[in-house]
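Asker: Turn this into a model:
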Amino acid sequence: MTFGSLFAGIGGLDLGLERAGMQCKWQVEIDDYCQRVLAKHWPDVERFRDVREVGSHNLKPVDLICGGDPCQENSGARRHPTTSPSLGDQFIRVVAECRPRLVLRENPSGVRSDAPWPWWRFRAELERLGYAVLPFRLRACCVGLDHRRDRLFLLADRSDSMCARLEGEIKPRINPVSAGGPVRRIRLSESDVVRAGHGIPDYMERIRGVGNAVAVPVAEYIGRLILGGAK
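Answerer: Numbers count the residues shown, from 1 in each chain. The predicted structure is shown next:
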């Protein structure tokens, strides 16, 4: 299964999906430091800078488009003004143009009352495009890591088949938005966190990049569920 990555950051989501068995075809990321990290670890993957300049005219067809659009305007944790634009509309536009079979969107589970792209609005837009959408919460500690990192994911399928199958698979393990209940810990065989470094010394940029990234084991766990449901 092939995928393209929007708002790729330092590639935490990409690395996890690759470890699950998928192949990355392209990445979109505007930050200079993150671009250098991606170039070091994915030297053969096509990269673009600005999500506003990509679409069906220059992105290769893929089975899945994934990404976590900038969350500062959506997150309930934000206490101060931010200059980061909310680009959920660009995510939706790329999906509408490219029409992948699957879409995976990551964002905070707790959102502001005035959030421009809360998960339910994003879900409604995907459903308007003809996707069946399964929302679920997944914490990093549920896959064996030592921190909480509560995130909300939307998995969208152009046919209803995979979402219907995975709903039964996900409910015993993850916290679906509609279910609410306790979350059980699950350990993967490989539970290492995203680690920066590798000759790139910008300390504060590393901290910011890791802080924004999806933990690799979380992405790997979701990728394995997707590949299992696609069989």
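Asker: Would you mind measuring from Tyr207 to Ile10?
Answerer: In this structure residue 207 is Ile, not Tyr. Distance, Ile207 to Ile10, by C-beta to C-beta, to the nearest Å: 11 Å. C-beta: built from backbone N, CA, C; applies to glycine.
Asker: between those two, who's got more neighbours?
Answerer: Ile10 (30 against 11; other C-beta atoms under 10 Å).
Asker: wait, the more buried one sits on Glu205?
Answerer: No. Using C-beta atoms under 8 Å, Ile10 is not in contact with Glu205; the gap is 9.3 Å.
Asker: Now find how far off-centre stretch 46-57 is within its chain.
Answerer: 17 Å (C-alpha atoms, centre = their mean, to the nearest Å).
Asker: In that stretch, which residues are buried?
Answerer: 48, 51, 54 (16 or more other C-beta atoms under 10 Å).
Asker: tell me which of the residues you listed is nearest to Asn107?
Answerer: Of all those, Asn107 sits closest to Val51, with 15.0 Å by C-beta to C-beta.
Asker: these two touch, right, the closest one and Ser5?
Answerer: No. Taking C-beta under 8 Å as the definition, Val51 is not a contact partner of Ser5, at 10.7 Å.
Asker: ok so, going back, nearest to Val133 among the buried residues of stretch 46-57?
Answerer: Distances from Val133 to the buried residues of stretch 46-57, taken by C-beta to C-beta, are shortest for Val51, at 20.7 Å.
Asker: Show me what whichever helix in the chain runs longest is packed against.
Answerer: Of all the elements of type helix in the chain, the one with the most residues (DSSP state H) is helix 216-230. If you count contacts as 3 or more C-beta pairs under 8 Å, 6 or more residues apart in numbering; DSSP states H and E, helix 216-230 packs onto helix 12-20, strand 102-108, strand 132-139, strand 150-157, helix 161-170.
Asker: Output the third one as PDB - backbone C-alpha positions only.
Answerer: Right, strand 132-139. In PDB, the C-alpha atoms belonging to strand 132-139 read as follows (Å, rounded to 0.1, in the frame of the first residue of the first chain):
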ATOM      1  CA  ALA A 132     -17.100   6.500   5.400                       C
ATOM      2  CA  VAL A 133     -15.200   7.900   8.500                       C
ATOM      3  CA  LEU A 134     -14.200   6.200  11.700                       C
ATOM      4  CA  PRO A 135     -13.100   8.500  14.500                       C
ATOM      5  CA  PHE A 136     -11.000   7.100  17.400                       C
ATOM      6  CA  ARG A 137      -8.700   8.300  20.200                       C
ATOM      7  CA  LEU A 138      -5.400   6.700  20.800                       C
ATOM      8  CA  ARG A 139      -2.900   7.500  23.500                       C
END
